[in-house]
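Novice: Next one to model:
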Amino acid sequence: MARIFGIRTLVIAACLPTLENRPRCIRKRHNKSAALGGECIVAKITASTSIERPAEEVWKLAIDWSKGPQWDPGLVECRVTSEGPLGVGTTLRSKRTTRGLHLAEFRVTEYEPERRLTAEFTSPKMLRGSSETLTFQSAEGRTKVNLAWNLKLNGFYSLLGPFLAPSIKKGAETDLVNLKRILESGSKS
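Specialist: Alright, predicted model coming up:
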């Protein structure tokens, strides 16, 4: 009997998703939303591309919020809502048309010019705590751009993770393809 149990355990374990790919949920005590899924890191989504342009040029277009709709097809507008130069603490608001009109607000949490920018969602509630990071690595006149999402859904919305993650990954890949096309064609109007 112990031998059969051991084989069954191995079969079940082989069918489970790996620790890196499955949602990592953090349950909060005494929180009504915990009963509906709590706070959950649903997915780490990444996309990357190499662009035949120096990092300075790629960075300049990527953080020019007024030009975001040129390379992000779902973005209607994005603007800075705080005072002062771009840096840690800068706040942004965007309007998107993906499946209806959506507003989102972000706060820059990491900022290294021409190297790294991380923005964390402060709204909508379902995405609060999620983050998006752009990194730029320059070598010999070309730039490798990495886009990474740490998708963290809250409460009931944590159940939507398996449906949202593939869509976000596809969107991130499309954004980078468009950014590459614009920069390499020289049409940065």
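
Novice: A strand includes residue 93, no?
Specialist: Yes: the assignment for residue 93 by DSSP: H, G, I helix; E, B strand; the rest coil puts it in a strand.

Novice: Name whatever forms a beta bridge with it.
Specialist: Taking DSSP bridges, one obtains residue 79, residue 105 as the residues bridged to residue 93.

Novice: Check this protein for its longest helix and report it.
Specialist: For the chain, the longest helix by residue count, based on DSSP state H, is helix 161-185.

Novice: what sits against residue 45?
Specialist: Residues in contact with residue 45 (C-beta atoms under 8 Å, 6 or more residues apart in numbering) are 148, 149, 151, 165, 168, 169, 172. The way it works is simple: take the backbone N, C-alpha and C, and place the C-beta from them, glycine included.

Novice: which residue packs closest to the fourth one, ignoring adjacent ones?
Specialist: The shortest distance from residue 165 to any residue other than its chain neighbours is 4.0 Å, reached at residue 43 (C-beta to C-beta, 6 or more residues apart in numbering).

Novice: Using the three-state scheme, assign the one you found.
Specialist: On the basis of three-state DSSP, residue 43 is classed as strand.
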